[in-house]
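>>> 3D model of this:
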Amino acid sequence: MSAESRLAEATEPVPPPKSAPGSDQAVKETLEDYTLRFAPRSYRRWTPMVVATTALGGIAYMADFSIGAGIGLAHGTGNALVAIAVAAVVIFVTGFPLAYYGARYNIDLDLITRGSGFGYYGSVLTSVIFASFTFIFFALEGSIMAQGLELGLGLPLWLGYLVSTLMVIPLVIYGMKALSRLQVWTTPIWLLLMVGPLVYLVATDPGTVDRFLAYAGTDGEGGVDTASVLLGAGVCLSLIAQIGEQIDYLRFMPPKTEANKRGWWTAVIMAGPGWVVLGALKQAIGVFLAVYILSEVGPAAATEPIQQFRSAFDAMMPSWMVLPLAVALVVISQIKINVTNAYSGSLAWTNSFTRVTRHYPGRMVFVLVNLGFALALMEADMFTFLNDILGFYSNCAIAWVVTVATDIGVNKYLLKLSPLQPEFRRGMLHAVNPVGVVSFAAASGLSIALYFHALGDTLQPYSPVAAAVIAFVLTPLIAVVTKGRYYLRRTDDGIDDPLLDDEGNPSATTYDCHVCHQSYERPDLAACATHGAMVCSLCLSTDKVGDHVLPAAPVSA
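As a prediction, this is how the structure comes out:
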């Protein structure tokens, strides 16, 4: 069988069960790619490498080039490279436990967060943080694409913003199946267009490397200093929430077995925390290209990826090819990342809205909501104050991700106070768990105060450090003080069969939900409180009066 045939076969999972007559439309829609739900084994028919390739396709964004360029021009190459490296290490370390949980237990980051210190309703806070991440970066990528369309096609920026927003809607409607095909076939083209010019410039003009390394920045004197490094790292750390988008793909990993464990781990590490390796390289390339074109276009335009790659292509190709290739690179990158931003953002908004209102409005509603926020940011010209937005946002994102990662790594595995097996179903969790909510609120609140100079100018650069340290210290401390009492509302979900199989993977045993009359795998159901049957997680979430929700039961400390 050819590679193309194997890929086609791998990207055609077994379709979800057909909806029974009279089933709720919400159930039908969420079965497209199991939005808001555990992703069942019957649907997860992709190989680890296909999942990894699809997930990595989502980080083809051009924002890294702008972020790196902005840091490098302000603080100099030395400070920028150290800042990029520091942020990459933090993102990798915190992303690893989250990626493992998402891939191992086939749930997205919101479902992980519920059972890792925040509670059923407490994690709504972090869902909003994640949704904000998706529309901020959608707006950033849309702005970059609009710059490309203006330079290449003469479109005014306002129209370019609109085009970049509307063009992703048809692609994002269809969920994981469409996204996997899009990401797989566009990735080689994107890599070639991105790496080719850099290799050519270094090979034909080694002096560009010397000029790059010697650049001191507008605010620097050529040396590496702590304040500049931390300010730059704070901007880079705004990308820490990208692990949520990686997990939106990793939750479709096949079960981990003895036969596939090497490929499984490779895929999880590469497409989970490993995304930041490529991200850091792109940021460093952004610094390089900004320094390369600085004298030609000036500092304002040097942070624009379309200008960076136009100049790079111009050095190696006939003039008639330069703009078309530069525009093609920007458009391909924007589509690859913004279908992911729109998709993941719609999941986050829908998840929050469904829990709070107990009504499922349809994911497409929140695709449009997310795009509306993004378009408003673009029209407000967010690109001109990019670093300010990202520096502020990073404090909230760091506090959230470090809190959840610490709960998994410390509270679950070291202190044994947090249940090792993830839980996300209504009725099984307390509404709010102070472990995560208090840690997140304290870490984000104090770090934001530092960022806005509330405690003086000297401490301002340390706001991302404060967010990480406070979250890391408070998360286990509050778990110890509360003795882990607020994680589980009850430990027995009323179903005798175990949640996990003999290899530690979520069980594939199926049951029928008596509310929507669909078949679901074991981890997605609980016993119904009043009907002596099973009910799925979405029907539990939309149960307005609580008829199906199991009562609280004592949980031993």
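
>>> lowest-scoring secondary structure element of this protein by mean pLDDT?
Least confident element among the helices and strands of the chain, by mean pLDDT, DSSP states H and E: helix 3-10 (a mean of 33).

>>> could you report the pLDDT at residue 173?
Listed pLDDT for residue 173 reads 64.

>>> again with residue 29
At residue 29, pLDDT is 54.

>>> which pLDDT value does the model give residue 186?
The model reports residue 186 with a pLDDT of 65.

>>> list the helices and strands the helix or strand encompassing residue 74 packs on?
Assessed by DSSP states H and E, residue 74 sits inside helix 63-75. Applying 3 or more CB pairs under 8 Å, 6 or more residues apart in numbering; DSSP states H and E, one finds that helix 63-75 makes contact with helix 77-105, helix 124-153, helix 226-236, helix 275-297, helix 299-302, helix 305-314, helix 386-406. Heads up, the C-betas are built off the backbone N, CA and C, glycines and all.

>>> can you list those in JSON lines and add mean pLDDT and distance to residue 164?
Converted to JSON lines, the helices and strands packed on helix 63-75 look like this (pLDDT from 0 to 100; distance: least, CB to CB, whole Å):
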{"stretch": "helix 77-105", "mean pLDDT": "95", "distance to residue 164": "26"}
{"stretch": "helix 124-153", "mean pLDDT": "87", "distance to residue 164": "4"}
{"stretch": "helix 226-236", "mean pLDDT": "90", "distance to residue 164": "23"}
{"stretch": "helix 275-297", "mean pLDDT": "91", "distance to residue 164": "20"}
{"stretch": "helix 299-302", "mean pLDDT": "84", "distance to residue 164": "19"}
{"stretch": "helix 305-314", "mean pLDDT": "87", "distance to residue 164": "12"}
{"stretch": "helix 386-406", "mean pLDDT": "88", "distance to residue 164": "16"}
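
>>> rebuild these as CSV, extending it with distance to residue 71.
Formatted as CSV, these follow (distance: least, CB to CB, whole Å):
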stretch, distance to residue 71
helix 77-105, 4
helix 124-153, 15
helix 226-236, 4
helix 275-297, 7
helix 299-302, 12
helix 305-314, 14
helix 386-406, 8
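
>>> how about these in a markdown table, adding mean neighbour count?
Formatted as a markdown table, those follow (neighbours: other CB atoms under 10 Å):
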| stretch | mean neighbour count |
| --- | --- |
| helix 77-105 | 23 |
| helix 124-153 | 24 |
| helix 226-236 | 24 |
| helix 275-297 | 22 |
| helix 299-302 | 16 |
| helix 305-314 | 24 |
| helix 386-406 | 25 |
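
>>> which one, of those, ends up nearest to residue 161?
Nearest to residue 161 among those is helix 124-153 (5.0 Å), distances taken as CB to CB.

>>> could you check the angle the closest one makes with helix 386-406?
Angle, helix 124-153 to helix 386-406, by axes from the mean of the first three to the mean of the last three CA atoms, to 10 degrees: 140 degrees.

>>> immediately after helix 124-153, which helix or strand?
Downstream of helix 124-153 (by DSSP H and E), the next one is helix 157-166.

>>> just how off-centre is that following helix within its chain?
Relative to its chain's centre, helix 157-166 lies at 23 Å (CA atoms, centre = their mean, to the nearest Å).

>>> list the buried ones in it?
157, 160-165 (16 or more other CB atoms under 10 Å).

>>> stretch 361-371 too?
By 16+ other CB under 10 Å, the buried positions in stretch 361-371 come out as 363, 366-367, 369-371.

>>> what is the mean pLDDT for that stretch?
When pLDDT is averaged over stretch 361-371, the result is 83.

>>> and for residue 490, the neighbour number?
Here the count is done by other CB atoms under 10 Å, and residue 490 has 18 residues near it.

>>> where does pLDDT dip in the chain?
By pLDDT under 70, the low-scoring segments of the chain are 1-33, 35, 57-58, 171-187, 219-222, 383, 386-387, 555-557.
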